[in-house]
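Give me coordinates for this.
(chains A and B)
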Protein chains: 2
Amino acid sequence: MNESLIQQLKQIVGDKNVETSKMSLHSYSYDATPNFQHSPDVVVAPNNTGEISAILKICNEHKIPVTPRGSGTNLSAGTTPLHGGVVLLFKHMNQILEIDEENLTVTVQPGVITKNLIDKVEAKGLLYPPDPSSMNISTIGGNINENSGGLRGLKYGVTHDYVLGLTLVLPNGDILQTGGKLAKDVAGYDLTSLFIGSEGTLGVITEAILKLVPLPEYKKTMLATYQDIDNAARTVSAIIANKIIPATLEFMDQATIEVVEEYNQIGLPTDAKAILLIEQDGSRETVDKDIEKIEAICKKFNAVSVSVAKDEEEADSLRTARRSTLSTIARLRPTTFLEDATVPRSQVATMVKEINRIALKYNIKICTFGHAGDGNLHPTVPTDVRNKEEFHRVEMAFAEIFEKAVELGGTITGEHGVGAMKAPFLKLKLGEEGIRAMKVIKQGFDPHNIMNPGKLFIEQM
Amino acid sequence: MNESLIQQLKQIVGDKNVETSKMSLHSYSYDATPNFQHSPDVVVAPNNTGEISAILKICNEHKIPVTPRGSGTNLSAGTTPLHGGVVLLFKHMNQILEIDEENLTVTVQPGVITKNLIDKVEAKGLLYPPDPSSMNISTIGGNINENSGGLRGLKYGVTHDYVLGLTLVLPNGDILQTGGKLAKDVAGYDLTSLFIGSEGTLGVITEAILKLVPLPEYKKTMLATYQDIDNAARTVSAIIANKIIPATLEFMDQATIEVVEEYNQIGLPTDAKAILLIEQDGSRETVDKDIEKIEAICKKFNAVSVSVAKDEEEADSLRTARRSTLSTIARLRPTTFLEDATVPRSQVATMVKEINRIALKYNIKICTFGHAGDGNLHPTVPTDVRNKEEFHRVEMAFAEIFEKAVELGGTITGEHGVGAMKAPFLKLKLGEEGIRAMKVIKQGFDPHNIMNPGKLFIEQM
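Model (predicted):
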């Protein structure tokens, strides 16, 4: 990028909001995904939608790549500026603009930290359900661009289910308002949904109207341990088959339990082959009844132990342990690859066993945990990318995991996105026809491929 | 269309599945929307996805319009073949293919009647929530193409919230599988959502995987009557503000009550200015508690009477009366226009009063009813299109209603779609930029504009 373009950007957002220092460029050259890095040419922090429109017009005219970035917690290299250009930051667009208690909506800018939003609405007796494990640092803008899930997905769904309207800037500078504070809106194509999970490849999300629900009055948390993965998986299926939809239904395998316990020291049974962390929320009567039924189901499927957290503190330590899995596994080796192959719920046991078979085949360690109720598993490999031979085996293992997930009726990613990392595997799920259909959309909205290039689609070299 | 093309269609689907009789062509020349009619050239009933792909390839090559049609209950002229060509029927693709109790999914062909699906899954203790008033005759394919709502939308959402995966045929003949039996899938753009509510303008939906939820164990139905619309609207807001989300929260104004009571004779108070029909479902304890709270709220806002249905029979007669509104109003005059302007819940009272003002201004009768909890109102006008002067006043009134809805933060259609009827008003909601963005998608998928032409977009003459 030449100096004249940098000057134009400074005129739009102000001098202090355009960074070209070596340290800045380095800081925004990578995200939470190992092995993907590229320096941007400039880091820009706009103040409002109008500025973003002006930036995109210039970048579109000069064919300069633009990568919007929240907190960079992305796990599929979705926020790495692989072709340089502009990294867009939302640090000045981080306000909760309105909590509307009558319409049960909250209007936010993209830079709001997920956890801040959750806390703010909870103080008003309301719940914003999507709670990705990264919620303490992730932004709502990032969550929407990635369609983030979380631990409450089984009962409450994912980010997609809570976005009612968006303000969007397209590569040509057009500003669009989609949806609104509306429970229903069928006026034209669902542009809101199209942008949710589009990984910043179609335009920039600059504001969002999100749906809230009443905060449940009561919650119970329990832990069941198993000597056998099949029994844990059968428990998951039986709970649902008994018409109970828990708020949370999380799974950890033995490899994960060992690592998490070593770090957290909260008394997880390291000799167990599998753990289920189960939560239910709602009215006190319903929760008590459901938890009682779930306990009986766990025991029926030979749980070695079933214990209900005695208070919120104990429950919280269990949830925190679960949320800490990635960071605890990351302590084992220099590099951590966390994946999120997803299968129909009925295939969870088969998938976990396939992952274990694949780990043996390629002689690598895989810790598997995840959202069992959603069929969304996180096989995680502690490794070292500098060891080329081992890294090659890791790559082969993941390729086989993705193939198996799709073969079982699943998908290559449940909540982390495709990014650059899984672009080579997208065809497995969508076929040539699906990729073609997606390219129709990409080329239509972004003919110069300025928006987050190198993501979703394999690049022609 | 020349005879050679008809012959090609016959070769694909079999002679008996290609109809060109005058009666057939007439039967499929209109839908439930008054004042829109055009004869197709041929009516084709394919047997499977492969045949539909072959049909679209031929039509795409010869630029022949294709209008997919369920039961033709559409209220925005969405299924009228305005440019002739092929009407596609799904009478041979009307099977429920699988109810999967472990994954809580049902796989259906587009021709399945909505009510049949609801009954079939209910027999297994499961619920498919979207319940449009036309559900006794509407098809699932139609519901998906229109993103249909229904009476349970407030708590359970609309069709969009229950579609997990689709089999699609694009105009070029490509066959795509999107989604799956998956709670989560972020592999690429959300093509599933893009096709939901796309009104048959992008391709043909040939199969769908739908999400089910456990059937609530208990339900209660109640009726509150008011001498004043504001108090009814305040009750709606107060229920939600008290963190109760009822399954159903329906509104009828006096004009509607009079007509419905005259036909149904179930004892509705014809002197009331407004009625709320409220239902809650869930566990017995929760329902009892919620209904008790709702009763108190109704009384607080000066409901003249509040009565809980004593049994399922009485509840059903109330629901049936509500569902019969369109057909009962239709008895008054030769033509009935039913609209579905939608506003944020907090604006329902304002919108109803605006509708009444507009009715006076243009000296027409408007009966307003609808889904108060969703802000989705159905101002309905009994009229006679042969009376050109009156009809002009009706058109002016609707234009003003749409403008007002958008001004209040609402939309021109909550659940009926844009079709041909509301195409002139789409710009009100989306602006030039929004229409441009939609055209990018339309032109990308359907460059020859063969799929349901004349819908969504104003035509260039």
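
Share the number of residues neighbouring A:Gln7, please.
As a burial measure, A:Gln7 scores 11 neighbours (other C-beta atoms under 10 Å in any protein chain shown). (C-beta placed from N, C-alpha, C; glycine too.)

separation between it and A:Lys22?
20 Å (C-beta to C-beta, to the nearest Å).

I'd like the distance from the one helix or strand A:Ser327 maps to to the chain centre, please.
In the assignment (DSSP states H and E), A:Ser327 maps to helix A:325-329. Distance of helix A:325-329 from its chain centroid, counting by C-alpha atoms, centre = their mean, to the nearest Å, is 16 Å.

list the helices and strands the helix or strand that comes right after it packs on?
Downstream of helix A:325-329, the first helix or strand assigned by DSSP H and E is strand A:335-338. For strand A:335-338, the packing partners by 3 or more C-beta pairs under 8 Å, 6 or more residues apart in numbering or on different chains; DSSP states H and E come out as helix A:325-329, strand A:376-383, helix A:388-407.

Buried residues, strand A:335-338. List them.
A:335-338 (16 or more other C-beta atoms under 10 Å in any protein chain shown).

cool, and stretch A:378-394?
Buried residues in stretch A:378-394 (16+ other C-beta under 10 Å): A:378-383, A:390-391, A:393-394.

End to end on it, go ahead and measure it.
Taking C-alpha to C-alpha, to the nearest Å, the first and last residues of stretch A:378-394 lie 14 Å apart.

just to revisit the earlier point, which residues are contacting the helix holding A:Ser327?
For helix A:325-329, the surrounding residues in contact (C-beta atoms under 8 Å, 6 or more residues apart in numbering or on different chains) are A:133, A:252, A:256, A:259-260, A:262-264, A:336, A:338, A:367, A:369, A:378, A:380, A:382.

Most widely separated two among the buried residues of stretch A:378-394?
A:His378 and A:Glu390 (20.1 Å; C-beta to C-beta).

still on that earlier bit, any chance of TSV for the helices and strands packed on strand A:335-338, columns mean pLDDT?
Listed next are the helices and strands packed on strand A:335-338 as TSV, based on pLDDT from 0 to 100:
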stretch	mean pLDDT
helix A:325-329	91
strand A:376-383	96
helix A:388-407	97
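
Let's have these in TSV, adding distance to A:Phe457.
Shown next, in TSV, are those (distance: least, C-beta to C-beta, whole Å):
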stretch	distance to A:Phe457
helix A:325-329	27
strand A:376-383	24
helix A:388-407	17
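
Nearest to B:Pro46, out of the ones you listed?
Closest among those, using C-beta to C-beta: helix A:388-407, at 28.1 Å.

just how off-centre is the closest one within its chain?
21 Å.

Repeat that for stretch A:10-26.
From the chain centre to the centre of stretch A:10-26 is a distance of 28 Å (C-alpha atoms, centre = their mean).

next one: stretch A:20-33
In terms of C-alpha atoms, centre = their mean, the centre of stretch A:20-33 is set 21 Å apart from its chain centre.

Helix or strand: which one has A:Glu279?
strand A:274-282.

Partner strands of that strand and their direction?
strand A:218-226 (antiparallel), strand A:248-253 (antiparallel) (DSSP bridges).

How many residues are close by A:Val163?
Counted with other C-beta under 10 Å, A:Val163 comes out at 24.

what's the closest residue in space to it that isn't next to it in sequence in contact with, if anything?
Excluding its sequence neighbours, the residue lying closest to A:Val163 (C-beta to C-beta, 6 or more residues apart in numbering or on different chains) is A:Ile196, at 5.6 Å. Neighbour list for A:Ile196: A:144-145, A:147, A:159-160, A:163, A:166, B:190 [criterion: C-beta under 8 Å, 6+ apart].

and the nearest residue in space to A:Leu127 that is not next to it in sequence, how many neighbours?
Closest residue in space to A:Leu127, ignoring its immediate chain neighbours: A:Leu215 at 4.6 Å, by C-beta to C-beta, 6+ apart. When neighbours are defined as other C-beta under 10 Å, A:Leu215 has 16 of them.

any idea how far B:Pro344 is from A:Leu215?
For A:Leu215, the distance to B:Pro344 - C-beta to C-beta - is 21 Å.

ok, the closest residue to A:Gln37 other than its chain neighbours - how many residues close by?
Excluding its sequence neighbours, the residue lying closest to A:Gln37 (C-beta to C-beta, 6+ apart) is A:Tyr30, at 4.4 Å. When neighbours are counted by other C-beta under 10 Å, A:Tyr30 registers 19.

okay, A:Tyr30: pLDDT?
With respect to pLDDT, A:Tyr30 scores 96.

Could you do the one 5 residues further on as well?
Per-residue confidence (pLDDT) for A:Asn35: 90.

cool, A:Met461 as well?
For A:Met461, the predicted pLDDT is 46.

Over to A:Thr225?
For A:Thr225, the pLDDT comes out at 96.

distance of it from A:Arg333?
The separation that A:Thr225 has from A:Arg333, given C-beta to C-beta, amounts to 26 Å.

Could you check which of the two has the larger neighbour count?
Ranked by neighbour count (other C-beta under 10 Å), A:Thr225 and A:Arg333 place A:Thr225 first, with 21 against 15.

which ones are touching the nearest residue to the more buried one once chain neighbours are set aside?
Excluding the flanking residues, the one nearest A:Thr225 by C-beta to C-beta, 6+ apart is A:Ala272, at 4.0 Å. Contact partners of A:Ala272, counting by C-beta under 8 Å, 6+ apart, are A:225-227, A:254, A:257, A:304.

Verify the stated contact: A:Asn74 with A:Gly417.
Yes - if you go by C-beta atoms under 8 Å, A:Asn74 and A:Gly417 touch, sitting 6.9 Å apart.

can you list residues touching both of those two?
A:Glu146.

residue contacts, A:Met351?
A:341, A:343, A:375, A:377, A:404-405, A:408, A:410.

If we ignore the residues flanking it in sequence, what's nearest whichever residue of the stretch 1-150 of chain A sits closest to chain B?
At 4.2 Å from chain B, A:Glu102 is the closest residue in the stretch 1-150 of chain A, using C-beta to the nearest C-beta. Counting by C-beta to C-beta, 6+ apart, A:Glu102 lies nearest to B:Ser346, which is 4.2 Å off, once chain neighbours are set aside.

So the one you found sits against B:Val236, correct?
No - judged on C-beta under 8 Å, B:Ser346 makes no contact with B:Val236 at a distance of 9.2 Å.

Flag every buried residue along the helix-or-strand element of chain A with minimal mean pLDDT.
Lowest on mean pLDDT, DSSP states H and E among the helices and strands of chain A sits helix A:312-323, with a mean of 88. Buried residues in helix A:312-323, counting neighbours by 16+ other C-beta under 10 Å, are found at A:315, A:317-319, A:321-323.
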